[in-house]
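Novice: okay, here's the prediction I keep looking at, along with the sequence it came from:
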Amino acid sequence: MKPSLPQGTRDFGADILYKRNYIFSTIKSVFETYGFEPLETPAMENLDTLMGKYGDEGDKLIFKILNNGLQLSEKHAPARIDFEEVLAGKNSKGITERALRYDLTIPFARYVAMNQGQLSLPYKRYQMQPVWRADRPQKGRYREFYQCDADVAGSHSLWNEVELAGIYRDVFAALHLPVSIRINSRKILAALSMACNNADLLTDITIAIDKLDKIGLEKVMLELELKGIDASGRNIIQSYLQIGGSNREKMEALRLLMPSNELGKAGLEEIEFLLEHYTDEAGVLLEIDFTLARGLNYYTGIIFEIKAQGIAFGSIGGGGRYADLTSFFGVKDIPGVGISFGVDRIYDVLEALNLFPPTLGKGTEVLFFNTGLEECKMAYKLMHILRKKKIRCELFAETSKFDKQFKYAVKKGIPYAAIIGAEELKTNQVVLKSLTMGTQQVISVDAFINYKYS
RNA sequence: GAGAUUGUAGCUCAGCAUGGUUAGAGCGUCAGAUUGUGGCUCUGAAGGCCGGGGGUUCGAGUCCCCUCAUUCUCCCCA
């Protein structure tokens, strides 16, 4: 058979993995300096845990796992009935009761709900694992991709938002990736839909607004009209979307637009708190963007979105506050706030802007040539010593001609070749050749062991 | 779910509008030049049911239909 990958999935070779791990380890170390603890959850969850949490569209995109044991004859009759349910677009436990996780937030909520007795709130966890979506893949979109989330459960304090913004700042400063952190408040969006007398259409309004920089003002207005927003409402939204200037000017403009709305005021106060306590550093600024909406409709407070500067790309991170993290699982009054990094997109952006450090690879430093059994025995002893000194080395596995061994070293980017031939075996010496310089020297075993590689 | 795109050697692709002996190139792989010191060069070799199925035709990689897969756009999302 012809080997192939499932649609929307990828293999990661060494070159890619060095770079991906650089991103992961940067994010991870920042998470930990902010006091977040690691958590991992299973790739699969019970279907019940996931269904109904992501909206109708989301439910369709959940990868379901077929139950085992359907071939048993006593299960045939019920399975056929259950399958009719599936054909009708419903889920049936008789056919599938497990599914691949769709994001990290719901498994986190499930974990908090299951362990609320043991966890001391507020609970701050980070999680970096793949998620799966049965979406149609396209540029920058995959069916298997990684999310890196940091969330806080059980705290209403706005200091969490300040800290999370700090995490964004520190990660992108460490990656030397210029970004803008754009913020808005879901409360302000709710106030806006109230101001249009269409509080019930909040979701439709946010989805339309969210498309602004993609499809332009006119088409957003058209979509709002189709959704049933009347002319006066559309006028308010239009002037709302055209608010510009500095952060302070934007806030002033918003106050004028909806002067008497309590919800809007509350949203503005939260934003002010965040702006007041956030510390600018490394040129990473917080920027109010009232057109920011974020599709996920469980957000209730401040929302974040990260865009890279100097390149037109989708968002590379986002997050926000959600009032009711665990009520799905019967546990009330545990609020949540969190952020997420889109590693796959950050990778693409760093690659496009050529921002990866040049020396990420941690490959072999010394290749021992294989020139025969007795020589290999000596090489093997020397490797043992080098490895104790954390020097990465390997023996070429086959007794091949030098040509081949050199090519192996060059291809793997190995900087040194250690050659022990019959002559060196006798004199207890090693030929150490620098493949980058092209020079070589015959040195004693002692000098070889103590040589400064790197 | 809707629309478009591309499937030819391990990889990147040419050939197809105008059907015609044995389907090509570059890179890579392997062997030799080179009796154990690389990257260069030269020589040679292996490697293809031209995505699959059906049709038109004396004849199909090339034309038609179906199907599968790919990539991209929309919807939605990271």
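Specialist: The structure has been received and is ready for your questions. Everything numeric in this text was worked out from a predicted model, so none of it was measured.
Novice: beta partners of the residue of the stretch 51-200 of chain A at minimum distance from RNA strand B?
Specialist: Checking the stretch 51-200 of chain A residue by residue against RNA strand B with C-beta to the nearest atom of the strand singles out residue A:138 as nearest, at 3.0 Å. The C-beta positions use only the backbone N, C-alpha and C, and glycine is treated the same way. Listed beta-bridge partners, residue A:138: residue A:141 (assigned using DSSP bridges).
Novice: that one: how many residues sit nearby?
Specialist: Using other C-beta atoms under 10 Å, residue A:138 is surrounded by 8 other residues.
Novice: and it, what pLDDT?
Specialist: We have a pLDDT of 85 for residue A:138.
Novice: check residue A:159 too.
Specialist: Per-residue pLDDT puts residue A:159 at 95.
Novice: who's the closest spatial neighbour of it, skipping the chain neighbours?
Specialist: residue A:277 (7.5 Å; C-beta to C-beta, 6 or more residues apart in numbering).
Novice: can you pull out the low-pLDDT segments for the stretch 251-400 of chain A?
Specialist: When residues are selected by pLDDT under 70, those of the stretch 251-400 of chain A lie in A:295-297, A:312.
Novice: so what does the helix or strand that contains residue A:238 touch, helix or strand wise?
Specialist: Secondary structure from DSSP states H and E places residue A:238 in helix A:231-241. Under the contact definition 3 or more C-beta pairs under 8 Å, 6 or more residues apart in numbering; DSSP states H and E, helix A:231-241 sits against helix A:186-195, helix A:202-210, helix A:217-226, helix A:247-257.
Novice: contacts for it, please.
Specialist: By C-beta atoms under 8 Å, 6 or more residues apart in numbering, the list of residues contacting helix A:231-241 from outside reads A:192, A:195-198, A:205, A:209, A:212, A:217, A:220-221, A:224-225, A:229, A:254, A:257, A:290-291.
Novice: next one: stretch A:394-410
Specialist: Residues external to stretch A:394-410 that are found in contact with it (C-beta under 8 Å, 6+ apart): A:364, A:366-372, A:376, A:379-380, A:383, A:414, A:417, A:435.
Novice: same check, this time on stretch A:11-21
Specialist: Counting by C-beta under 8 Å, 6+ apart, the neighbours of stretch A:11-21 from elsewhere in the structure are A:5, A:343, A:347, A:350-351, A:356, A:360-363.
Novice: for it, what is the average pLDDT?
Specialist: Along stretch A:11-21, the predicted local confidence has a mean pLDDT of 86.
Novice: now it: how far from the chain's centre is it?
Specialist: For stretch A:11-21, the separation from the chain centroid amounts to 15 Å (computed by C-alpha atoms, centre = their mean, to the nearest Å).
Novice: do it and RNA strand B meet at all?
Specialist: No: taking C-beta under 7 Å from any atom of the strand as the criterion, stretch A:11-21 and RNA strand B are apart, separated by no less than 11.7 Å.
Novice: CA atoms of that stretch as PDB?
Specialist: Output in PDB follows, covering the C-alpha atoms of stretch A:11-21 (Å, rounded to 0.1, in the frame of the first residue of the first chain):
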ATOM      1  CA  ASP A  11       4.700  14.300  10.900                       C
ATOM      2  CA  PHE A  12       7.300  16.400  12.600                       C
ATOM      3  CA  GLY A  13      10.900  15.700  11.700                       C
ATOM      4  CA  ALA A  14      13.900  16.700  13.800                       C
ATOM      5  CA  ASP A  15      14.300  20.100  12.200                       C
ATOM      6  CA  ILE A  16      10.700  21.000  12.900                       C
ATOM      7  CA  LEU A  17      10.700  19.500  16.300                       C
ATOM      8  CA  TYR A  18      13.700  21.500  17.500                       C
ATOM      9  CA  LYS A  19      11.800  24.700  16.600                       C
ATOM     10  CA  ARG A  20       8.500  23.500  18.000                       C
ATOM     11  CA  ASN A  21      10.100  22.500  21.300                       C
END
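Novice: returning to that earlier point: just send the helices and strands packed on helix A:231-241 back as a markdown table, with distance to RNA strand B and mean neighbour count too.
Specialist: Compiled in a markdown table, the helices and strands packed on helix A:231-241 are given as follows (distance: least, C-beta to the nearest atom of the strand, whole Å; neighbours: other C-beta atoms under 10 Å):
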| stretch | distance to RNA strand B | mean neighbour count |
| --- | --- | --- |
| helix A:186-195 | 14 | 24 |
| helix A:202-210 | 5 | 20 |
| helix A:217-226 | 8 | 15 |
| helix A:247-257 | 23 | 15 |
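Novice: adding distance to residue A:119, write the ones you listed out as CSV.
Specialist: Listed next are those as CSV, based on distance: least, C-beta to C-beta, whole Å:
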stretch, distance to residue A:119
helix A:186-195, 26
helix A:202-210, 31
helix A:217-226, 42
helix A:247-257, 36
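Novice: quick one: the strands in the stretch 251-400 of chain A?
Specialist: Using DSSP state E, counting those that start in this stretch, the strands of the stretch 251-400 of chain A run over residues A:286-288, A:302-308, A:317-322, A:336-341, A:366-368, A:393-395.
Novice: just give me how far the very next helix or strand once past the last one sits from the chain centre.
Specialist: Toward the C-terminus, strand A:393-395 is succeeded by helix A:402-411 as the next helix or strand (DSSP H and E). Between the mean C-alpha location of helix A:402-411 and the chain-wide mean there is a distance of 38 Å, by C-alpha atoms, centre = their mean.
Novice: name the residues of helix A:402-411 that are buried.
Specialist: Of the residues in helix A:402-411, A:405-406, A:408-409 count as buried by neighbour count, 16 or more other C-beta atoms under 10 Å.
Novice: list, one by one, the residues from the stretch 301-450 of chain A near RNA strand B.
Specialist: Applying C-beta under 7 Å from any atom of the strand, one finds that the stretch 301-450 of chain A approaches RNA strand B through A:314-318, A:340, A:342, A:344-345, A:370-372, A:399-407, A:409-411, A:419, A:421, A:431, A:433, A:435-436, A:438, A:440.
Novice: mind giving me the ChimeraX select for those residues, buried ones only?
Specialist: Isolation of the buried members of those (16+ other C-beta under 10 Å) is achieved in ChimeraX through the command below:
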select /A:315,316,317,318,340,342,344,345,370,371,405,406,409,419,431,433,435
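Novice: how close does the closest residue to residue A:330 other than its chain neighbours get to residue A:321?
Specialist: Leaving out its chain neighbours, the residue that sits closest to residue A:330 by C-beta to C-beta, 6+ apart is residue A:113, at 6.9 Å. Residue A:113 sits 18 Å away from residue A:321, taking C-beta to C-beta, to the nearest Å as the criterion.
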